[in-house]
Each structure stands twice: as structure tokens, then as C-alpha cells.
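Trainee: Give me the fold of what follows.
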Amino acid sequence: MSHFGRIACFTWLLFAPTFADACPVCFQSTEENRLAFIITTVFLSLLPLVTIGSFVWWLQRRALELEREDGNVETHSGTARAL
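Mentor: Predicted coordinates:
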């Protein structure tokens, strides 16, 4: 590597952190920003669980409906039994 290349690389590394400002939460941590960060974190953490849980719940209901349509299941007071 040439002398100029080394100087250019060193200069870039010296000033790179100023070009890489992260998010406003890191550099302007006001109460409003922190609250938004926490709410977003909770929302994005729960979203996959709610999505998967809703799909499983729907799948169970649909399977029970199909069994009822076939006449294989009769329901009494919230419980199912085979005929």
C-alpha cells in the first residue's frame, strides 16, 4: 500500500465515527425518544407471538368447524365428543 493510501485510510478511520451517527435515541435521548423506543421494542417483541397465536387459534376453530360439517363431532356445553 502506498504512503498516500495509508494516510487516506487513517484519515477515513479517524473521521468515520462522525459519519456513522446511529439513531436519535442514542444521541438525543429525551424522555419522548426513550418512551418511543420502549414502546416500539415491546410492540415488535409481541407481534410475532400474537401472529402465531392467532393463526393457531384460527386453525383450531377451522378444524372443529370442518369436523362438525362432516358430522363427526357433536358439541355439548363447550366440549366435543365423537359420535
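Trainee: C-alpha from now on. contacts and neighbour counts both.
Mentor: Will do.
Trainee: Check the model's average confidence along the lengthiest helix in the chain for me.
Mentor: As assigned by DSSP state H, the longest helix anywhere in the chain is helix 31-70. Taken as a whole, helix 31-70 has a mean pLDDT of 92.
Trainee: Which positions in it come out as buried?
Mentor: residue 64 (16 or more other Cα atoms under 10 Å).
Trainee: Could you list every helix and strand that that helix packs against?
Mentor: helix 24-27 (3 or more Cα pairs under 8 Å, 6 or more residues apart in numbering; DSSP states H and E).
Trainee: Let's see that with 10 Å instead.
Mentor: helix 24-27, strand 73-76, strand 79-82 (3 or more Cα pairs under 10 Å, 6 or more residues apart in numbering; DSSP states H and E).
Trainee: residue contacts, residue 9?
Mentor: residue 3 (Cα atoms under 10 Å, 6 or more residues apart in numbering).
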